[in-house]
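Asks: This is a predicted model, with the sequence first.
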Amino acid sequence: MIAVMRMQAAEPAVEIAGSRTAAYPVRAAPDGAPKRVLVVEDSPSDAALVRRMLRDEPGKDRLELVSVGSAGAAVTALAARDTACVILDLGLPDAQGLDGLVQIRTAAPDAPIIVLTGRDDESVGLQALREGAQDYLTKGDVNAGTLRRSLRYAIERMRVDRQLHHLAYHDALTGLPNRMLFEDRVRSALARMRTRLRPGSETPVPRASRGHSLAAVMMVDLDRFKIVNDSLGHSAGDELLAIVAERMRAVLRPADTVARIGGDEFAVLCERINGREELEAITGRMLKMLRAPMVIGEHKAYIDASIGFTFATSPDDDPESLLRDADIALYRAKQAGRGRAVQFEAPMHAAAVTRHETQTDLHHALQRGELQAVYQPIVDVSRGTICGAEALLRWRHPRRGVLLPGDFLAEAEHSGLIEGFGAWTVRSALRQAREWLAGSVCNNLTVAVNMSTRELMDPKVVDTVAAALGDLGPGPDSPVLCLEITETSLVECPKALTRTLEALKELGAKLAVDNFGTRHATLDVVRRLPVDILKIDRALLSDVGSDQGGTAIVRALLTIGGALGLTVVAEGVETAEQLAALRELGCDMAQGHLFSAALPASEMRRLMARDPRW
């Protein structure tokens, strides 16, 4: 009862009987539509008074008032319609004190609630706020202005709270769930999986079977996304991510969850999967959809994706472990050539532990002086003499011995250390070549160094090379630096690389296309970029001189190189027969084990001092 206020004739209350215990969403009314306010008050006269206080006034929000007389009826009313706010009396026939508030909050956790109390008891009001009420009013002190202002503030506070809650659990760019919400949904999926176990059974279901479907977690990483970012700008990258989010939502089932968990990485939760075949059908659709061109402004962007996935086979699994295993499988998918989906297998975890240890050790490799450059001679085919050397990186690991690039360079790229390793190799190779030239063991030496796509996309790469060349200074005993870039790099980002390659050329460096002839580079790409040298991939040399078809392929590549005015180097020469065929075909240079394996600097010096002829 509102004891201090004068009562007028009661208006008829709208009673909605029944109750439900589920939580119901509360959505804002469309612009211009009345806001529905639920008045929960067992006194018809008090309910009528509240209605009169909130009657429509010019310039005020339009309200649709609905009255019920019990907590149970309020729960039912909340289930029937969206509600903008609840005005709740704490003295109800079926819920005394804060019990009614708890019931309303359980039924509609997003609904703002204003509590009316007949007692001037601040402790009750504060407790109501702790239980989730937006405001509390003492009946004896309330008036139309106070109530309407409290209503407006409660709705606005809840709107802001919902917005902050959404921002806390969703990605601002794509609107997708973030990692926190994704992990919460995986926990819920595992809880549902727990209920599907046979009664009294503690044994997890190891595979999908009749009546026992599985949950699957996927990690999705976009291939070549960095190229879009670097060539078209970050705004284009953001637009691409939004397109990817829409495509993934379109291709997945309505009950599946897709989340953006950082950068160009997404996670997917699929429940009720009946085995690997069904999941592979889903991943196949995802990969196909993501390969389709994406229009960004005036540009078309082409990307691919790699997917790692794992099944939750036990309700005792946890989201962190599932994401870890899916991420391990994702790494394996990228290793296998990208653009594919790979399922996690137990041995992959041991390999991941080794990778982690490798990354940790890599951070100390430079400081501890564990890196070593070895050199493989490059031979002038017509003269049969050494004319250059390719510097190859080795890591003298304190426990695992000498490691080849394939054992650690991928981890160096992944951990962001590759730029430092590349800079070290360039400086070391130039200094070593300068020593050889100064010692008169060779003349006019070219030293070649490999550079990855990531190194070339580094904004500091030109300054790094310039500093290394500057340290040598001009002079007759200065070597020529040749930077080798992979054919894949040219295809993935020719526009982004053009300016960098031109700047490197201006420094006096030569540019070589490594592993040419077996991948995707088009002649137009090679023609437009400022390259000097083509290095024929070793895979094409195996049949040269012994097979008519293999010889014809090499002849064609040599003709292409000559037509473009490029020097051609044959890699992987193993036999005298191959060398003779290359000499007859007019190949410019060659390298391979026929001449020498990669040697430490001291042994390479002795080899050049002997001035061998082939």
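Replies: Good, I have the coordinates. Residues are numbered from 1 along each chain as shown.
Asks: what lines up beside the lengthiest strand in the chain in the sheet?
Replies: Assignment by DSSP state E gives strand 385-397 as the longest strand of the chain. Using DSSP bridges, the strands paired with strand 385-397 are strand 371-380 (antiparallel), strand 401-403 (antiparallel), strand 446-451 (parallel).
Asks: wait, residue 98 sits on residue 132?
Replies: No: Residue 98 lies out of contact with residue 132 (Cβ atoms under 8 Å); the separation is 10.0 Å. Yep, even glycine has a C-beta here, placed from its N, CA and C like the rest.
Asks: Please look at residue 601 and residue 392 and confirm they touch.
Replies: No: with contacts counted by Cβ under 8 Å, residue 601 stays clear of residue 392, the gap being 11.7 Å.
Asks: Find residues that contact each of the two.
Replies: 373, 374, 375 (Cβ atoms under 8 Å, 6 or more residues apart in numbering).
Asks: mind saving the C-alpha coords of the longest strand of the chain as CSV?
Replies: Coordinates of each C-alpha in strand 385-397 appear next as CSV, following Å, rounded to 0.1, in the frame of the first residue of the first chain:
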residue,chain,number,x,y,z
THR,A,385,84.8,-22.0,-62.0
ILE,A,386,83.4,-20.7,-58.7
CYS,A,387,81.7,-17.3,-59.3
GLY,A,388,79.6,-17.0,-56.1
ALA,A,389,78.3,-18.7,-53.0
GLU,A,390,74.9,-19.0,-51.4
ALA,A,391,74.8,-18.4,-47.7
LEU,A,392,72.6,-20.9,-45.8
LEU,A,393,71.7,-20.7,-42.2
ARG,A,394,72.4,-23.3,-39.5
TRP,A,395,71.6,-23.3,-35.8
ARG,A,396,74.1,-24.9,-33.5
HIS,A,397,71.6,-25.9,-30.9
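Asks: buried set for it?
Replies: 385, 386, 387, 388, 389, 390, 391, 392, 393, 394, 395, 397 (16 or more other Cβ atoms under 10 Å).
Asks: how about those residues in a markdown table, adding pLDDT and distance to residue 215?
Replies: Listed next are the buried residues of strand 385-397 as a markdown table, based on pLDDT from 0 to 100; distance: Cβ to Cβ, whole Å:
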| residue | pLDDT | distance to residue 215 |
| --- | --- | --- |
| 385 | 94 | 65 |
| 386 | 94 | 61 |
| 387 | 93 | 61 |
| 388 | 93 | 57 |
| 389 | 95 | 55 |
| 390 | 96 | 50 |
| 391 | 96 | 50 |
| 392 | 96 | 46 |
| 393 | 94 | 43 |
| 394 | 95 | 45 |
| 395 | 93 | 41 |
| 397 | 91 | 40 |
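Asks: for those, which one is nearest residue 514?
Replies: When these are ranked by distance to residue 514 (Cβ to Cβ), residue 390 comes first, at 9.5 Å.
Asks: would you list every one of the helices in the stretch 51-200 of the chain?
Replies: With DSSP state H, counting those that start in this stretch as the criterion, the stretch 51-200 of the chain has helices at 71-80, 99-107, 122-130, 144-169, 179-195.
Asks: Which elements pack onto the first one?
Replies: The one in question is helix 71-80. In terms of contacts (3 or more Cβ pairs under 8 Å, 6 or more residues apart in numbering; DSSP states H and E), helix 71-80 is packed against strand 35-40, strand 63-68, strand 85-89, helix 99-107.
Asks: Let's have the ones you listed in TSV, adding distance to residue 305.
Replies: Output for the helices and strands packed on helix 71-80, formatted as TSV (distance: least, Cβ to Cβ, whole Å):
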stretch	distance to residue 305
strand 35-40	44
strand 63-68	48
strand 85-89	45
helix 99-107	41
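Asks: Nearest to residue 277, out of these?
Replies: So among these, helix 99-107 is nearest, using Cβ to Cβ, at 41.4 Å.
Asks: For the closest one, name the packing helices and strands.
Replies: helix 71-80, strand 85-89, strand 113-117.
Asks: taking those together, which one is wrapped up most tightly?
Replies: The highest average neighbour count among the helices and strands packed on helix 99-107, using mean count of other Cβ atoms under 10 Å, belongs to strand 85-89 at a mean of 26.
Asks: how much does that one deviate in direction from helix 71-80?
Replies: 180 degrees (axes from the mean of the first three to the mean of the last three Cα atoms, to 10 degrees).
Asks: Give me the sheet partners of strand 85-89 and which way each runs.
Replies: Partners of strand 85-89 in its sheet, by DSSP bridges: strand 35-40 (parallel), strand 113-117 (parallel).
Asks: on that earlier part again, let me have the buried residues of strand 385-397 in JSON lines, adding distance to residue 231 as columns.
Replies: Compiled in JSON lines, these are given as follows (distance: Cβ to Cβ, whole Å):
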{"residue": "385", "distance to residue 231": "42"}
{"residue": "386", "distance to residue 231": "39"}
{"residue": "387", "distance to residue 231": "36"}
{"residue": "388", "distance to residue 231": "32"}
{"residue": "389", "distance to residue 231": "34"}
{"residue": "390", "distance to residue 231": "29"}
{"residue": "391", "distance to residue 231": "29"}
{"residue": "392", "distance to residue 231": "30"}
{"residue": "393", "distance to residue 231": "28"}
{"residue": "394", "distance to residue 231": "33"}
{"residue": "395", "distance to residue 231": "32"}
{"residue": "397", "distance to residue 231": "36"}
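Asks: Can you read off the pLDDT for residue 57?
Replies: Here, the pLDDT recorded for residue 57 equals 65.
Asks: Run through the helices of the stretch 451-600 of the chain in chain order.
Replies: 453-456, 461-472, 487-492, 494-506, 523-528, 548-563, 576-585.
Asks: Nearest to residue 440, out of the ones you listed?
Replies: Comparing those by Cβ to Cβ, helix 461-472 comes nearest, at 17.0 Å.
Asks: Which elements pack onto the closest one?
Replies: helix 418-438, strand 480-486, helix 494-506.
Asks: Most tightly packed of these?
Replies: By mean count of other Cβ under 10 Å, the helices and strands packed on helix 461-472 have strand 480-486 as the most buried, with a mean of 22.
Asks: Lowest average pLDDT across the helices of the stretch 51-200 of the chain?
Replies: Ranked by mean pLDDT, those end with helix 122-130 at the bottom, a mean of 83.
Asks: in that helix, what's buried?
Replies: 124, 125, 127, 128.
Asks: is it true that the last one touches residue 115?
Replies: Yes: proximity of residue 128 to residue 115 meets the contact threshold set by Cβ under 8 Å, at 4.4 Å.
Asks: So for those two, which residues contact both of them?
Replies: Joint contacts of residue 128 and residue 115 (Cβ under 8 Å, 6+ apart) are 90, 101, 136.
Asks: Out of these, flag the one nearest to residue 359.
Replies: residue 101 (52.4 Å).
Asks: Can you list phi and psi of the nearest residue to the closest one once chain neighbours are set aside for me?
Replies: Distance criterion Cβ to Cβ, 6 or more residues apart in numbering; nearest residue to residue 101, sequence neighbours excluded, is residue 131 at 5.3 Å. Per-residue torsions, residue 131: phi -80, psi 0 (degrees, to the nearest 10).
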